[in-house]
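> Need a 3D model of the following:
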Amino acid sequence: MTRFADFRLAFVVPRYGSNIVGGAETLARKMAERLAAEGADVCVFTTCAQSHFTWENALPQGESMESGVLVRRFLTNPRNLAAFHSIQARIVEGIRTTVDEQIRWLAESVNSDGLLDALAGEVDRFDAVFLLPYLFGTTFFGARVAGPKAVLIPCLHDEPFAKLPVFRLLFEGVGGFWFNTEAEARLADLLYGIGDRPRAVVGMGFDRDPPGDGDRFRTKFGVSGDYLLYFGRKEGGKGVPLLLEWFSRLRRSGQEEMRLVLAGDGEIHLPAEAAGSVLDLGFLDPEDKRDAVAGALAVCQLSRKESFSIVLMESWLQGRPMIVHADCPVTLEHCERSGGGLWARNAAEFIEAVSWMRKNSAGAAAMGEAGRTYVRERYAWDTVIERANAFLAGYPPIVIRHRSFVNRQQRASD
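Have a look, this model is predicted:
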């Protein structure tokens, strides 16, 4: 099999860095670093932006070596916000837009002429160009530059944007696909009919985190009794308002002593009735986050728009069960396959899930252990890298270059 030292790989992602919070950004960074550690020549093309709300240039442009990866940052283009918001409002409201308007919308989301020019000038030296996530201008226009070398890591979920004709153009124009889960791959097939082009379900790898200390968390933050935990970006798309609503219903059902702990970036409006029962801790350092997970009755992830869910994997590595939304195919599939959690479609089912875990601590612990086994067996780095290697060794641009190299060697020996 082809060795990683034979691979020359590029990643195109709109934001990149150890301080950047986001699932796609974390996936890009972790995979780039691991492939570089395995011996691949890895270069990241990204922008100077930090905020996915403003896309303003905040980091210096230029090159830097970060954990063994060459990172090249380029200035984002000036944006016509009036045009962007006008088109996006029509898309959200279900008003018809043309493909040209959708392309304009992508161009005004986050784009970088400098990035695209640099990629175009160097694309010939790369065997594969990984682009993620699907929803941004750098991915759409970068895929057009990379052509058949483009491998899309879409981070796809079922949402109105995914059904736009412009994204059919994106999916039809790339050479291959890396998916995070089987459920994501099925959705891509359903929406775009990707056919027999090269694909793999790779996902992201995880190391064995140190065990958290729930008692240490309780002492440090003054939390007593059973609590549910949410960590991640605190925003509507992640189901946080729904969690607050269901938690309020839970307390009114007779479980007034329950607490909900929120952790992560972003701001969320807490209703007046949440005072004393909801603790918003903001961003936690890694040790505090592990401790918070270890002490929780369960971790709640009610987002219906997931392509992988790092939250599930990190929670299971601490041996804690999950409660997910039944209408999210990805997190539901993880829970069904692992036996690591319960799912709910409404407040009544959520209350039932929490009540069961409170009454069956041994069963809840067994769920958490089943989740931990699932992550260690399916998403250990060695396993993920094997899947990545199998894809790359068979990817047409790499196969063609490898055969050409072998033929040249044979001719030289003759």
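> List the buried residues for stretch 345-360?
347, 349-351, 353-354, 357 (16 or more other Cβ atoms under 10 Å). In short, each C-beta sits where N, CA and C put it, glycine included.
> sorry, that was for stretch 88-100
Buried residues in stretch 88-100 (16+ other Cβ under 10 Å): 91, 97.
> again, but for stretch 69-85
69-77, 79, 84.
> ok, residues contacting that stretch?
16-17, 29, 32-33, 36, 42-49, 55-57, 59-65, 104-105, 107-115, 118 (Cβ atoms under 8 Å, 6 or more residues apart in numbering).
> So what touches the host helix or strand of Trp246?
Using DSSP states H and E, Trp246 sits in helix 240-252. Residues outside helix 240-252 that contact it (Cβ under 8 Å, 6+ apart): 228, 230, 234, 258, 260, 262, 268, 270-271, 273-274, 277-278, 300, 302, 325, 344, 347, 350-351, 354.
> before we move on, the earlier item: same list, the buried residues of stretch 345-360, but as CSV with distance to Leu317, pLDDT and secondary structure please.
Compiled in CSV, these are given as follows (distance: Cβ to Cβ, whole Å; pLDDT from 0 to 100; DSSP: H, G, I helix; E, B strand; the rest coil):
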residue, distance to Leu317, pLDDT, secondary structure
Ala347, 29, 97, helix
Glu349, 26, 98, helix
Phe350, 24, 98, helix
Ile351, 27, 97, helix
Ala353, 21, 98, helix
Val354, 22, 97, helix
Met357, 19, 97, helix
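> still on that earlier bit, past the helix holding Trp246, which element shows up next along the chain?
strand 259-263.
> Strand partners (parallel or antiparallel) of the very next helix or strand once past that next one?
With elements assigned by DSSP H and E, the helix or strand that comes after strand 259-263 is strand 278-280. With DSSP bridges as the test, strand 278-280 is paired with strand 259-263 (parallel).
> Can I get the strand it pairs with as CSV, trimmed to CA atoms?
Output in CSV follows, covering the C-alpha atoms of strand 259-263 (Å, rounded to 0.1, in the frame of the first residue of the first chain):
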residue,chain,number,x,y,z
ARG,A,259,-29.6,21.4,37.4
LEU,A,260,-28.5,22.2,33.9
VAL,A,261,-24.9,23.2,33.2
LEU,A,262,-24.0,25.0,30.0
ALA,A,263,-20.4,25.4,28.7
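> What are the contacting residues of it?
With Cβ under 8 Å, 6+ apart, strand 259-263 has contacts from 221, 223, 225-231, 234, 240, 243-244, 247, 268, 274, 277-284, 289, 292, 296.
> Of the contacts of stretch 69-85, keep whichever come out buried.
Judged by 16+ other Cβ under 10 Å, buried ones among these: 16-17, 29, 32-33, 36, 42-49, 55, 57, 59, 104-105, 107-112, 114-115, 118.
> residue contacts, the closest residue to Glu333 other than its chain neighbours?
Excluding the flanking residues, the one nearest Glu333 by Cβ to Cβ, 6 or more residues apart in numbering is Ala183, at 4.8 Å. Contacts for Ala183 (Cβ under 8 Å, 6+ apart) come out as 329-330, 332-333.
> Please report phi then psi for Gln301.
phi -140, psi 90 (degrees, to the nearest 10).
> what pairs with it across the strands?
Assigned bridge partners for Gln301, using DSSP bridges, are Val324.
> what about it, how many residues close to it?
Per other Cβ atoms under 10 Å, the neighbour tally for Gln301 reads 27.
> contacting residues for it?
So Gln301 contacts 230, 232, 238-239, 309, 311-312, 322-325, 331 (Cβ under 8 Å, 6+ apart).
> Swap in 7 Å and give it another go.
By Cβ atoms under 7 Å, 6 or more residues apart in numbering, the contact list for Gln301 reads 309, 311-312, 322, 324, 331.
> Which of these ranks first by neighbour count?
Val324 (29 neighbours).
> how close does that one get to Gly371?
11 Å (Cβ to Cβ, to the nearest Å).
> Overlap of the contact sets of the two?
Contacts common to Val324 and Gly371, judged by Cβ under 7 Å, 6+ apart, are Gly341.
> Helices of the stretch 251-400 of the chain, start to end?
Using DSSP state H, counting those that start in this stretch, the helices of the stretch 251-400 of the chain run over 286-295, 310-317, 329-338, 347-359, 361-378, 381-393, 396-413.
> Tell me the helices and strands packed up against the helix or strand containing Asp117.
Here Asp117, judged by DSSP H and E, is contained in helix 113-122. In terms of contacts (3 or more Cβ pairs under 7 Å, 6 or more residues apart in numbering; DSSP states H and E), helix 113-122 is packed against strand 41-47, strand 69-74, helix 137-146.
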